[in-house]
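Asker: my questions are about this predicted structure, shown below with the sequence.
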Amino acid sequence: QVQLVESGGGLVQAGGSLRLSCAAAGLTFSRYAMGWFRQASGKEREILAAINWSSSSIYYANSVNGRFTISRDNAKNTVYLQMNSLKPEDTAVYYCACASKMYSSNWAAATGYGYWGQGTQVTVSS
């Protein structure tokens with residue numbers, strides 16, 4: 001089965017940076033789009049960034065565009081989220097997700113994802 005394991009969360013001051021990693025197993029990683037989501041307390045889960053299987057197309061939500069960068073290394077079955085200029089409102093549990101289907105045409109939408117990691121907490125202090 002598909003397994004996704006996030007790492008790299010933690011506590012950081014406003015203006016700081018963190019890099020999240022997500023290691024995938026149980027799938028042919030290079031055939032699947034990957035995404036990063038977050039869920040703040042009392043709010044719905046939102047898609048932040050997504051990257052297609054070849055890294056040729058990338059999507060960012062307006063809230064993180066210009067501050068966060070998604071990337072992937074298909075040789076390492078890993079997707080990354082570099083987060084810069086962090087703000088207190090970025091505090092949330094961050095989830096890695098894998099598209100439900102290979103070569104999905106729905107990879108830039110939240111509904112295109114069906115496999116989830118356990119989440120990693122990111123806390124940004126003011």
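Answerer: Received it, and whenever you're ready, just let me know what you need.

Asker: center of this structure, which residue is that?
Answerer: The centroid of the chain falls nearest to residue 36 when counting by Cα atoms, centre = their mean (1.8 Å).

Asker: tell me which residues touch that residue, please.
Answerer: Residue 36 makes contacts with 20, 22, 47-50, 68, 70, 79, 81, 94-97, as judged by Cβ atoms under 8 Å, 6 or more residues apart in numbering. Backbone N, C-alpha and C define where each C-beta goes, glycine included.

Asker: again with residue 119
Answerer: So residue 119 contacts 6, 39, 93-95 (Cβ under 8 Å, 6+ apart).

Asker: list the ones among these that fall in strands.
Answerer: 6, 39, 93-95 (DSSP state E).

Asker: thinking again about what came up before, closest one to residue 75 out of the contacts of residue 119, please.
Answerer: residue 6 (19.2 Å; Cβ to Cβ).

Asker: quick check: the closest one touching residue 93?
Answerer: No - between residue 6 and residue 93 there is no contact under Cβ atoms under 8 Å: 9.5 Å.

Asker: overlap of the contact sets of those two?
Answerer: Both residue 6 and residue 93 are in contact with 119-120, where contact means Cβ under 8 Å, 6+ apart.
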